[in-house]
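> how would this look folded up:
(chains A and B)
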Number of protein chains: 2
Amino acid sequence: MELIGKYHFVTESYLLDFRGRVTIPMMGNYMLHAASSHAATRGFGFSDMTEKNTAWVLTRLAMEIYRYPVMSEPVTLYTWIDDVGRLFTQRCFQLTDAADVILAYARSIWGAIDIATRRPTMLDIAALGKYIADRPCPIEKPGKIAAIENESFGIPYQVKYSDLDINGHFNSIKYIEHLLDMFDIGFFRNKEVQRFEISYLSEGMYGMPLTLHKQEMLPDEYALAVCCEGKAICRAKVQFAL
Amino acid sequence: MELIGKYHFVTESYLLDFRGRVTIPMMGNYMLHAASSHAATRGFGFSDMTEKNTAWVLTRLAMEIYRYPVMSEPVTLYTWIDDVGRLFTQRCFQLTDAADVILAYARSIWGAIDIATRRPTMLDIAALGKYIADRPCPIEKPGKIAAIENESFGIPYQVKYSDLDINGHFNSIKYIEHLLDMFDIGFFRNKEVQRFEISYLSEGMYGMPLTLHKQEMLPDEYALAVCCEGKAICRAKVQFAL
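Residues are numbered from 1 along each chain as shown, chains lettered A, B, ... in the order given. Sure thing, here's the model as predicted:
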């Protein structure tokens, strides 16, 4: 089995944003697809985890986009394991266009939880470790994100049916969608998200009284958060560029 | 070229709802994918329309679901043209599982608009008509939906970045998502949407002060609407079954 997974997508017109470009949440969906396919064909996918009463949990994701795919554009997404530890594994992504030009890189960090207790469980380092690939992913790892929940106004948000994933928790891609929706359309008209980074701290559940937070940290750089009763359950950082 | 298009999908775990089933909006996405692929390979797709300064507009969609696809389930979606008139064409869908058991049927009605004026344009009856297939789609056509905007309380809704499609208008699938999100999670826990029907009346734009409406018409049957300043821009009807 190849170390590196290679997945082809063709962007779909009805899933593009108003500029005719793939959105960050859609890039996230491509990555989840590639990650779950890569894992499933190597014996550590969703079903393999379920058999051991465990589940993968995405804890961090950082992506840097050099060019956004446009309509009906065929793209290739490569994914591989970069590192495996006792509690976390790192998975990288590289998105390229048909001429092999690199469009984006991403780094993700995953942990496993016991389905019943929702507590972290140890990873099978031997099983995962044999798939570690030595391929460059030249972007900064997901880092520390400023806590802004006490200094910013929170927009109330109620978790809805469409926000929930198969585990009954807030879908990780939906967090991204709601956080980016805090920006006025003008941001997307004039600028691009050049780097997006998110850190999932605890599970969002139906009925939680959430608030969405946003604060400018530097010109074109924002810290974001989703909070439940003042405590962040998710933090993110977005950098815009012209 | 075959009259009937046949498209294969495998459901993805991270796109399922909290019950582990494909959602109505996701079924809609499968249908849009099939419709746009079917049209594109027969010379009347998105790009062909753009060349003539026109665009397809989905005006109505009705689906009846007998069984929802579950995790990692391979499904096949058939689509064909049922009828073509001067202003509207009807497209049908049939979703089947791996054992050829029918999971759902859907009927959709499409018109074409001039991109510049946003006014309806005539369809090329000869070009489209040669693809009409004689295949049964035994569900009721999209019909009249009760106007409830004056008798129901409207929940304010602001159009966001993620709601916009490539034309800069409210994405037709996002309407469905927001309308279904008005139902408490308990509905989805205990019942299934058995029939969903939507009628798009006018284009939703960024910045419009919208309201979402819901009213029970019969036991387990609801009329829904998206309104702008009291006028419906979209109406829908949902029927739940045990």
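
> Now do the contacts for the nearest residue to A:Q194 once chain neighbours are set aside.
Closest residue in space to A:Q194, ignoring its immediate chain neighbours: A:A241 at 3.9 Å, by C-beta to C-beta, 6 or more residues apart in numbering or on different chains. Every residue, glycine included, has its C-beta placed from N, CA and C. Listed by C-beta atoms under 8 Å, 6 or more residues apart in numbering or on different chains, the contact partners of A:A241 are A:K191, A:E192, A:Q194, A:D220.

> I'd like those residues written out as TSV, with neighbour count, distance to A:I173 and secondary structure added.
Shown next, in TSV, are the contacts of A:A241 (neighbours: other C-beta atoms under 10 Å in any protein chain shown; distance: C-beta to C-beta, whole Å; DSSP: H, G, I helix; E, B strand; the rest coil):
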residue	neighbour count	distance to A:I173	secondary structure
A:K191	14	22	coil
A:E192	16	19	strand
A:Q194	16	19	strand
A:D220	15	24	coil
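
> who does A:C227 bridge with?
A:T211, A:A232 (DSSP bridges).

> Was I right to think it contacts A:P209?
No. With contact defined as C-beta atoms under 8 Å, A:C227 does not count as touching A:P209 (9.4 Å).

> helices or strands up against the helix or strand A:H33 falls within?
Using DSSP states H and E, A:H33 sits in helix A:24-40. Identification of packing neighbours for helix A:24-40 by 3 or more C-beta pairs under 8 Å, 6 or more residues apart in numbering or on different chains; DSSP states H and E yields strand A:5-10, helix A:46-51, strand A:54-65, strand A:74-84, strand A:88-96, strand A:102-114, helix A:172-180.

> How about the fifth one and chain B, any contact?
This means strand A:88-96. No. Contact of strand A:88-96 with chain B (C-beta under 8 Å from any C-beta of the partner chain) is absent, the minimum separation being 14.2 Å.

> Quick one: residues in contact with that strand.
With C-beta under 8 Å, 6+ apart, strand A:88-96 has contacts from A:27, A:30-31, A:34-35, A:38, A:59, A:63, A:69, A:75-84, A:102-111, A:123, A:128, A:135, A:137, A:141.

> filter these to the buried ones?
Neighbour-count burial (16 or more other C-beta atoms under 10 Å in any protein chain shown) applied to the contacts of strand A:88-96 gives A:27, A:30-31, A:34-35, A:38, A:59, A:63, A:69, A:75-82, A:84, A:103-111, A:123, A:128, A:137.

> Point out the residues in chain A that sit beside chain B.
Contacts of chain A with chain B, taken as C-beta under 8 Å from any C-beta, map to A:12-18, A:20, A:23, A:25, A:29, A:32-33, A:36, A:46-47, A:71-72, A:160-162, A:164-168, A:171-173, A:177, A:180-181, A:183, A:185, A:188, A:206-207.

> so who does the most centrally placed residue in chain A touch?
Closest to where the C-alpha atoms of chain A average out (C-alpha atoms, centre = their mean) is A:L61, at 4.3 Å. Counting by C-beta under 8 Å, 6+ apart, A:L61 makes contact with A:G28, A:M31, A:A106, A:R107, A:S108, A:I109, A:P142, A:S172, A:E197, A:I198.

> Could you export these to TSV, including columns for pLDDT?
Shown next, in TSV, are these (pLDDT from 0 to 100):
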residue	pLDDT
A:G28	97
A:M31	97
A:A106	98
A:R107	98
A:S108	98
A:I109	98
A:P142	94
A:S172	95
A:E197	98
A:I198	98
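
> So which of those is the closest to chain B?
A:S172 (7.7 Å; C-beta to the nearest C-beta).

> What residue spans form the domains of chain A?
Following automatic domain parsing, one gets these domains for chain A: A:1-142, A:143-242.

> and B:S202, which of the ones you listed is closest to it?
domain A:1-142 (17.5 Å; C-beta to C-beta).

> okay, how far is it across the closest one, tip to tip?
Start to finish, the residues bounding domain A:1-142 are 28 Å apart (C-alpha to C-alpha, to the nearest Å).

> Over to stretch A:167-186?
35 Å.

> Next: stretch A:59-79.
Stretch A:59-79 stretches 17 Å from its first residue to its last (C-alpha to C-alpha).

> One more: stretch A:216-236?
Span of stretch A:216-236 from end to end, C-alpha to C-alpha: 12 Å.

> Next, the buried residues of that stretch.
Within stretch A:216-236, the residues that count as buried by 16+ other C-beta under 10 Å are A:Y222, A:A223, A:L224, A:A225, A:V226, A:C227, A:C228, A:A232, A:I233, A:C234, A:R235, A:A236.

> Brilliant, that's me finished.
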